[in-house]
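Visitor: build the 3D model from these lines:
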Amino acid sequence: LMLVNDPDFEAAPGSDLAGKFDGLGMTYYGRWVYKFEEAARRGAAGVLVIHETAGAGYPWTTLQNSSTAAGLDIVRADPEAERVQAQGWIQQPVAARLMQAAGLDFAALKASAQSTDFRPVDLTGVTMSIDFGQKFERQTTRNVVAKLTGTTHPDETVMFGAHWDAYGHATPNAKGDDIYNGAVDNASGVAGVLELARLFAEAPRTERTTMFVSWAAEEAGLLGAYFYAAHPIVPLEKTVANIMMDSLLPGPAEAEIVIIGYGKTDLQDRLAKDAEAVGRSLIADPAPQVGAFYRSDHFPLAKMGVPALFAAAGFTGASEASRIYVRDRYHQPTDDW
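Guide: I've put the predicted structure just below:
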C-alpha cells in the first residue's frame, strides 16, 4: 500500500519534511505511475495506491470511470521487470480498515510517513489474493504524424501534439450513455493541432521543421508518446520544442494563460513576450497538487530532455466553467458537444 502524492504534500510548515519535494505542487515521484514503476523495480507482487481526493487531484469516481474500459499497454522487452502483476487503487476508508485489522491506525501511519526517518510497516496478518479472468489480445494503434520541412534548419524540429484517444465504451451513466466522447479531452486539442497544421501549411515555410502529432493511448498511460520516445522518427536531441495541446476548454476569452509546469522550461519566456504583445499574461498552474505536467504526452519526451510547453486554455482556477467541467464532465460520457 502506498500513499498518493509526495511526502511533503501535507507537511506542516517548518517541519523537517516541508519543502523537501515541491510542497503543494506534485512532483513525478508523487504520481501513481512512478509508484507502480518503483514497486516493480523493488520486486513487489502487487501494489495499491491509497486514494484521497486532495492528494490525487480527482475524486474516486474519476478512477471508476477510467478503469472500466479495457486496459492497454505497449509491448515491453521485460514486462515483469517494468510492471507488477497486480496494480491499482484502494479507497482510503478500505485501506484504513485493513490497517485496523493489523492493529494499526491509518492517521498515525500517514503522519509517520511525513517524517524523513519513516520506514515501511508490515500489516501483520493481512493478506491479499486476486483471482479473475483476463483476455489478452495484441492490437495495433497509431501515432499520426505530419511534418513541414524547414528551410534553414530542417534537421531541427518543433512539435505540436494532442492525443486523439478517449475511453470509448465504458460504464453507463445514470442516463444509460456509455460513450466517453472526450470532446474537451481531447478532441479540442486535436482540432487545435489540425488548425495549426492548416495555417502552417498555407504560410511560407518556417526555418525549422514543424511536426504535428496526434498521440495514441494517452489515457492508458501516455503509451503512444512513450513508444515514440523509445523509437523517435527524428532525433530527440534535435527536437527543440514540444508544444502540447490537451483539453482546450470552450468559454469566454481570458487574458491569463495557465502554464502547466510553470518554470520548468525557458520556452515560457518566449511565450510570455508574445503574450504580452497581444495583452495577455502567463500564470502558474492554480492546482499544482494534481501533477498535470506529468499527465500528458509531452512528458515522456521531457524525461528524455526535450523542452516542453503545456499551456492550458480556460483552466485558470478562477473559472467557474473549469470547476464545472472537472466535476461534471471530465472522463465522463457528458464530455460531449
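
Visitor: CA only for contacts and neighbour counts going forward, please
Guide: OK.

Visitor: quick one, what contacts the residue positioned nearest the centre of the chain?
Guide: Central residue of the chain (Cα atoms, centre = their mean): residue 295, 1.1 Å from the mean position. Contacts for residue 295 (Cα atoms under 8 Å, 6 or more residues apart in numbering) come out as residue 222.

Visitor: mind checking how far it is from residue 243?
Guide: For residue 295, the distance to residue 243 equals 14 Å [Cα to Cα, to the nearest Å].

Visitor: just to revisit the earlier point, show the pLDDT at the residue nearest to the centre of the chain.
Guide: Looking at residue 295, its pLDDT stands at 92.

Visitor: so where's the longest strand in the protein?
Guide: Across the chain, the longest stretch assigned as strand under DSSP state E is strand 153-163.

Visitor: the helix or strand that it is followed by pairs with which strands, parallel or anti?
Guide: With elements assigned by DSSP states H and E, the helix or strand that comes after strand 153-163 is strand 168-169. With DSSP bridges as the test, strand 168-169 is paired with strand 179-180 (antiparallel).

Visitor: please compute how far the strand it pairs with lies from its chain's middle.
Guide: For strand 179-180, the gap between its own C-alpha mean and the chain's C-alpha mean amounts to 20 Å (Cα atoms, centre = their mean, to the nearest Å).

Visitor: for the very next helix or strand once past that strand, buried residues please.
Guide: Sequence order places helix 189-202 as the next helix or strand after strand 179-180, per DSSP H and E. Buried positions in helix 189-202, judged by neighbour count with 16 or more other Cα atoms under 10 Å: 189-190, 192-194, 197.

Visitor: kindly report the same for stretch 282-291.
Guide: Buried residues in stretch 282-291, counting neighbours by 16+ other Cα under 10 Å, are found at 282, 284-285, 287-291.

Visitor: what about that stretch, start to end distance?
Guide: Span of stretch 282-291 from end to end, Cα to Cα: 18 Å.

Visitor: and stretch 37-46, by the same measure?
Guide: 11 Å.

Visitor: one more: stretch 74-85?
Guide: Start-to-end span of stretch 74-85 (Cα to Cα) is 15 Å.

Visitor: and that stretch, which residues are buried?
Guide: Judged by neighbour count using 16+ other Cα under 10 Å, the buried positions of stretch 74-85 are 74, 81-84.

Visitor: how near is residue 282 to residue 295?
Guide: Shown here: residue 282 relative to residue 295, a distance of 20 Å by Cα to Cα.

Visitor: that should have said residue 253, apologies.
Guide: Residue 253 is 25 Å from residue 295, by Cα to Cα.

Visitor: domain map for this structure?
Guide: Following automatic domain parsing, one gets these domains for the chain: 2-112, 144-328.

Visitor: could you give the average pLDDT over the shortest one?
Guide: Here domain 2-112 scores 89 as its mean pLDDT.

Visitor: report the distance from that domain to the chain centre.
Guide: 14 Å.

Visitor: quick one, strands of the protein?
Guide: Here the chain has its strands, by DSSP E, at 2-3, 46-51, 86-91, 144-148, 153-163, 168-169, 179-180, 208-215, 239-244, 256-260, 281-284, 308-312.

Visitor: worst average pLDDT in these?
Guide: In terms of average pLDDT, strand 168-169 trails the rest of those, at a mean of 84.

Visitor: show residues contacting that one.
Guide: So strand 168-169 is contacted by 69, 178-181 (Cα under 8 Å, 6+ apart).
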